[in-house]
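Participant: need a structure here:
(3 chains)
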Amino acid sequence: MTTQSTSTLPRPAVISKARPRKNNTLTTALHGLGLLVVVFGTLFPFLWMVLTSFKTTSQITSNPPLLFFSGTLDHYRSILGDQYNVGGSLVVSLIVATSATALAVLLGTPAAYALARFSFKGKDDLWFWFISNRFLSPVVLVLPIYLVASQLRLIGNPVLLIAMYLTFSVPIVIWICTDQFRSIPRELDEAAMVDGATPSYIFFKVALPLALPGVVVSSILSFIFSWNELLFALFLTRGDGVTAPVRATGFLSGYDVPWGEIMATGTLIVLPVIVFSLLVSRHLVQGLTMGAIK
Amino acid sequence: MHTQKRITPFLFLAPAVIVLAVVGIYPLLFAAWVSLHTYLLAQPNIPHDFIWFSNYLTVIQDGAFWGSIGRTLFYLAVALPVQIVLGLGIALMLRRGRWAALRGFARVALVIPLAMTPVVTGLIGRLMFNQEFGIANYIQTTITGNKVGIEWLGNPTMAFAAILLLEIWQWTPFAALIFLSGLTAVPVEVEEAATLETRSFWVMLRQIQMPFLMPALTAILILRTADILKQFDMVYTLTGGGPGSSTELINLYITRIGLRGAFDQGVASAQAILMLVLTIMLSRLYIKYLYKGDDA
Amino acid sequence: MKRITALSAALLAVTLGAQAHAQSWSLATAAAPYKGTTIKAIFLDRPGYKAAAQLIPQFEKETGIKVSYETVPYESTNQRYVLDFTSGGGADLVLNDVVWIGQFVDAGWMVPLEKFYNDPKLADPALNVKGFFPVLLDSFGTWNKKIYSYPFDNYSGLMYYNKCTLKAAGFAGPPKTWTELLTKYGPKLTGNGKYAFALQSRRGETQSADSFMRTLWLSGGGLIDPKTFEPTLTSAASQKGLKFRQDLMKFMPPGVVDMDHAEAVAAFNNGTVPLLTEWSSFYTTIADPKQSKVPANCLGVTTEPLGADGLKPALGGFGLGVNSNSDAKHQAAAYLFAQWITSEKMAKPYVQAGGVSGRQAVYKDPAIRAKYIFVEPMVKSWSAGTAVPNFRPRFAEWPQISQIVAENGTKIMLGQLTPQAGAKVIDGRVKEILTRAGYYSGKKAKLQ
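Facilitator: You can find the predicted model right below:
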């Protein structure tokens, strides 16, 4: 496919459509305008949320919507107080997402290493099975897990949630790290083996440090996915143990919609992951494409 | 030495396999068992009788189930092409030309929707599409001069449009960034050589850049299909499946049957198993035809 | 009638048992063995719970029992209870909606309160169960002749109206009948982005209770025949009600099918609609100048308009009961709280904090009547003969039926189903559910 690039000549019809040079200024202007639209469109909902979280209730419901206003921190004070306890749920989210990510790396990297380095029967099927978990809808799992966990009196226990988050975080780690391990020259392993190193020594001291970029990328992704997850958390957590997304759904009571509080909560949930993703945005994009593009 | 070599991969793989079997396969087997029984969670007095495939029969005859499957596939069929086309356009805009600073900024901005918690996206949608004071209606009434705003979330068509708009907003950047990284792989010399030969944008795209974009396209197709079939969070907070059942995607429907009202775990498990079969078929198909890995 | 007599017998027992211990009982001594216990509760984000929250510190101080509550959205509450109960846990204090009592009692999730009110150590001699409005105690407190919860957060459907808008349109007062609302008020009050009326209809209990069942009652229809339990939505009376609702659509804001209580109240508060049927508990929100643009002198409250059978207003509310999964200590502590917060003594502070008590005595207080203008129509609605205890069937199958009504009811409103076709769909499913439950085969007594 790559070789045909210059072999066929462009069709005449297409050539006639090619723009003459003098339109360049217009093209450039349109290009700039397009970019502005992209930036504005991308950022607007996020900025609107942040802006709204600082408005008073009457400013929020004013029509036309206000762009300039005197801000208030009341909603933040309110959601961090006892009634809503958004702070507590953020801590729960942090604990759950961090634990699920750490466990996924612990379990996933050796498996990825084995898939990349060893050949054995049924390897392809095993790989496919790992990856297919990425396609599994949580709904399929949440019904039976609920029944089992309720009999074991595990509902509301954060360990249960962490375990369920492994269903998507382990596959992410395996998917990305298998590729990463494959890209490390086999000779390095072999050299170490000649020196008499054990497989686990090679894995920890030789391969893993070299695969660090993949480990970092997959950790970031599994952290974000765990942080953002709702469905499992909605049915498997309770009371003070709910994660932040579940807490956010609790505002939709139908009697009184506290927009300011909702937007303030949204801001607090989203801000950490956004800051985090921006810091590592280069790796993030790489990670999104890694396992998938070869 | 030889036996050790045979055992090593097993030891490396065992922990991950065991854990995923416990949290991934065991529940599926249990769901299969439940799907063959009467299992009404809210009515513990009704015994859990074995009823063969009668739950599956109920599901197959249930128009609402097929309705929600159809709705989900329609959602996929609209959102995915739009995300691909817009994503490609944005990637090409970011690739070259003037406005280097703006392009850099846009690239950073595109990361934000990706990191956004979908629950929060839905909540923002509730605010922006509010009929009384939402910004969407402010813009709409200002442009059209209409006095009355659109009832975005109260009208079946508009509510569906609203969930589509948010889906496209949140995930087009994903397509754009993946395409962009595909474009980055195009060798500069090839591109420059081609520029001398043709000035046509389309020729450039088709002949030079396309080969490098194909893997990106594959990735987008696979990952977005998987995620759209899983869509729950954003719709749950934006419309909850309403009005009527106009935005009730399959996952919302299954949770409603199994975890609301009658808490009919039997029927819901049958739905979930059918859903699983559908997903496995789709992902097999995708991986077979699109995802040609190396030796995997 | 039978139910009522048995109930009075139970009440008599309570009264007799109580008299003997009238001297020695005090909340503090009763609570002494449970000092330091924390009881869990699920509250809603509604005025009655904010009022209770204000009073809780007083209870905690007097008893040393801590009350820890979690606020859950109403539409998720039944789900939450069922999931909690079936996993062997749940809040000690059960918040029992009028339509959940059958389900909770059938499954054995609530303790009959006789266990506590017959225990002289726990029963407050001033309990006076007869002091509750009978319709409330009967509806959300009693199932099959036993009391399971005390009425706590009590609602009657009322009509709120904007006197000033009505006057400007040439009306001296609110519509007296539903027909009048449709034929006279509707056309005159609709236009220029304003509408006559809003009927909260979002899919969920809001659709099935506030919208669907309300329109059935106004035409003299119903969901099922009270004697045979046969579905009756296709009957002439029920169809008339559903068609009435469709006719009303053109006089209601276009987004009404997505309106929950908050949106409907906002439409009234913003002046989009001058007429609204809502629960009595919304008075607090509607009369609050910070939330409403309707000036105090323009706000009027009255009973719901009359229908084919006269006044048949919506009835709703919650009682407080005790979770059978909890241990004895938590059960006793939860009972003490339920008894205290619904007591005659606390009725006035509860009302003043924004709650709506189910006690008759408090509304005889002229100061209360003068301050809260919703009291008079509400008391009238709850008084003998007008309120409908079976506004919605209270049996265990209602939550399931409610889902079906909510889905198809909204489809009817949106025109995706005709009232006739929608009624057929619902009737079919209802029949199926009630057959499975065993009502027709005689396996299950026909209680609602």
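
Participant: From now on I want contacts and neighbour counts done on CA atoms only, so please keep to that.
Facilitator: OK.

Participant: ok, now how distant is residue B:207 from chain A?
Facilitator: Distance of residue B:207 to chain A, computed by CA to the nearest CA, to the nearest Å: 5 Å.

Participant: Double-check that that residue belongs to a helix.
Facilitator: Yes: assessed by DSSP: H, G, I helix; E, B strand; the rest coil, residue B:207 belongs to a helix.

Participant: What distance do you get for it to residue B:201?
Facilitator: 10 Å (CA to CA, to the nearest Å).

Participant: Compare these two (neighbour count), which wins?
Facilitator: Applying other CA atoms under 10 Å in any protein chain shown to residue B:207 and residue B:201 shows that residue B:207 carries more neighbours, namely 20 against 14.

Participant: confidence score at the more buried one?
Facilitator: Per-residue pLDDT puts residue B:207 at 76.

Participant: what's the spacing between it and residue C:200?
Facilitator: 58 Å.

Participant: which residues sit in contact with whatever residue of the stretch 1-150 of chain A ends up closest to chain C?
Facilitator: With CA to the nearest CA, the shortest gap between the stretch 1-150 of chain A and chain C falls at residue A:150, namely 4.4 Å. By CA atoms under 8 Å, 6 or more residues apart in numbering or on different chains, the contact set of residue A:150 is C:86-88.

Participant: so it sits in a helix?
Facilitator: Yes: assigned with three-state DSSP, residue A:150 falls within a helix.

Participant: where exactly do the helices run in the stretch 101-250 of chain B?
Facilitator: For the stretch 101-250 of chain B, the helices defined by DSSP state H, counting those that start in this stretch occupy B:111-115, B:118-128, B:135-144, B:156-183, B:188-197, B:201-203, B:210-230, B:233-238, B:250-259.

Participant: Make TSV out of those helices and add mean pLDDT.
Facilitator: Putting these into TSV (pLDDT from 0 to 100) gives the following:
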stretch	mean pLDDT
helix B:111-115	91
helix B:118-128	95
helix B:135-144	88
helix B:156-183	93
helix B:188-197	77
helix B:201-203	77
helix B:210-230	86
helix B:233-238	94
helix B:250-259	92
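
Participant: Pull up the distance across stretch C:215-235, start to finish.
Facilitator: From its first residue to its last, stretch C:215-235 covers 14 Å (CA to CA).

Participant: Quick one: distance of it to the chain centre.
Facilitator: 20 Å (CA atoms, centre = their mean, to the nearest Å).

Participant: Quick one: residues in contact with that stretch.
Facilitator: The contact list for stretch C:215-235 (CA under 8 Å, 6+ apart) reads C:178, C:213, C:236-242, C:244-245, C:306-310, C:312, C:391, C:420, C:423-424, C:426-427, C:430-431, C:439-440, C:446.

Participant: how about 6 Å then?
Facilitator: Residues from elsewhere that reach stretch C:215-235, judged by CA atoms under 6 Å, 6 or more residues apart in numbering or on different chains: C:237-238, C:241, C:307-309, C:423, C:427.

Participant: picking up where we left off before, out of the contacts of residue A:150, who's nearest residue A:106?
Facilitator: When the contacts of residue A:150 are compared for distance to residue A:106 (CA to CA), residue C:87 wins out at 31.7 Å.

Participant: From residue C:86, how far out is the closest residue to the closest one other than its chain neighbours?
Facilitator: Residue nearest to residue C:87 in three dimensions, not counting chain neighbours: residue A:150, with 4.4 Å by CA to CA, 6 or more residues apart in numbering or on different chains. Residue A:150 is 7 Å from residue C:86, where distance means CA to CA.

Participant: For chain C, which residues are neighbours of chain A?
Facilitator: Contact residues, chain C versus chain A (CA under 6 Å from any CA of the partner chain): C:72-74, C:87, C:260-262.

Participant: which of those lies closest to residue C:383?
Facilitator: Among the residues of chain C next to chain A, and counting by CA to CA, the member closest to residue C:383 is residue C:261, at 24.9 Å.

Participant: Neighbours of that closest one, how many?
Facilitator: Other residues close to residue C:261 by other CA under 10 Å number 23.

Participant: Right, and chain C sits closest to which residue of chain B?
Facilitator: Nearest residue of chain B to chain C (CA to the nearest CA) works out as residue B:261 at 3.8 Å.

Participant: Backbone dihedrals for that residue, please?
Facilitator: Dihedral pair for residue B:261: phi 60, psi -100, per degrees, to the nearest 10.

Participant: before we move on, the earlier item: roughly how far does the residue nearest to residue C:87 sit from residue C:332?
Facilitator: Residue A:150 sits 25 Å away from residue C:332, taking CA to CA as the criterion.

Participant: nearest residue to the most centrally placed residue in chain B other than its sequence neighbours?
Facilitator: The centroid of chain B falls nearest to residue B:228 when counting by CA atoms, centre = their mean (1.8 Å). What sits nearest to residue B:228 in space, not counting adjacent residues and going by CA to CA, 6+ apart, is residue B:76, at 6.4 Å.

Participant: Please identify which helix or strand holds the one you found.
Facilitator: Element membership of residue B:76, judged by DSSP states H and E, is helix B:63-95.

Participant: Which residue does chain C have closest to chain B?
Facilitator: For chain C, CA to the nearest CA, closest residue to chain B: residue C:400, 3.8 Å.

Participant: What's the local residue count around residue A:209?
Facilitator: Neighbour count of residue A:209, defined by other CA under 10 Å: 11.

Participant: hang on, it is in a strand, isn't it?
Facilitator: No: per three-state DSSP, residue A:209 lies outside any strand segment and is helix.

Participant: follow-up on the earlier one: need the residues of chain C next to chain A in JSON lines with secondary structure, pLDDT and distance to residue C:171, can you?
Facilitator: Output for the residues of chain C next to chain A, formatted as JSON lines (DSSP: H, G, I helix; E, B strand; the rest coil; pLDDT from 0 to 100; distance: CA to CA, whole Å):
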{"residue": "C:72", "secondary structure": "coil", "pLDDT": "87", "distance to residue C:171": "41"}
{"residue": "C:73", "secondary structure": "coil", "pLDDT": "85", "distance to residue C:171": "38"}
{"residue": "C:74", "secondary structure": "helix", "pLDDT": "87", "distance to residue C:171": "36"}
{"residue": "C:87", "secondary structure": "coil", "pLDDT": "84", "distance to residue C:171": "56"}
{"residue": "C:260", "secondary structure": "coil", "pLDDT": "87", "distance to residue C:171": "28"}
{"residue": "C:261", "secondary structure": "helix", "pLDDT": "88", "distance to residue C:171": "26"}
{"residue": "C:262", "secondary structure": "helix", "pLDDT": "84", "distance to residue C:171": "27"}
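
Participant: List only buried entries from these.
Facilitator: Among those, the ones that count as buried by 16 or more other CA atoms under 10 Å in any protein chain shown are C:72-74, C:87, C:260-262.

Participant: Widest-spaced pair of the residues you listed?
Facilitator: Every pair of those checked by CA to CA; the farthest is C:87 and C:262, at 32.4 Å.

Participant: low-scoring stretches of chain C, by residue?
Facilitator: Applying pLDDT under 70 to chain C picks out residues C:1-23, C:384-389.

Participant: can you count the residues close to residue A:196?
Facilitator: With other CA under 10 Å as criterion, residue A:196 counts 11.

Participant: Quick check: it is in a helix.
Facilitator: No: looking at residue A:196 with three-state DSSP, it is coil, so not inside a helix.

Participant: Please report the distance of it from residue A:202.
Facilitator: From residue A:196 to residue A:202 the distance is 10 Å (CA to CA).

Participant: coming back round to it: buried residues, the helix holding residue B:76. List them.
Facilitator: Applying 16+ other CA under 10 Å to helix B:63-95 flags B:65, B:67-69, B:71-73, B:75-76, B:79-80, B:83-84, B:86-95 as buried.

Participant: Could you do stretch C:144-162 as well?
Facilitator: Neighbour-count burial for stretch C:144-162, counted by 16+ other CA under 10 Å, picks out C:145-162.
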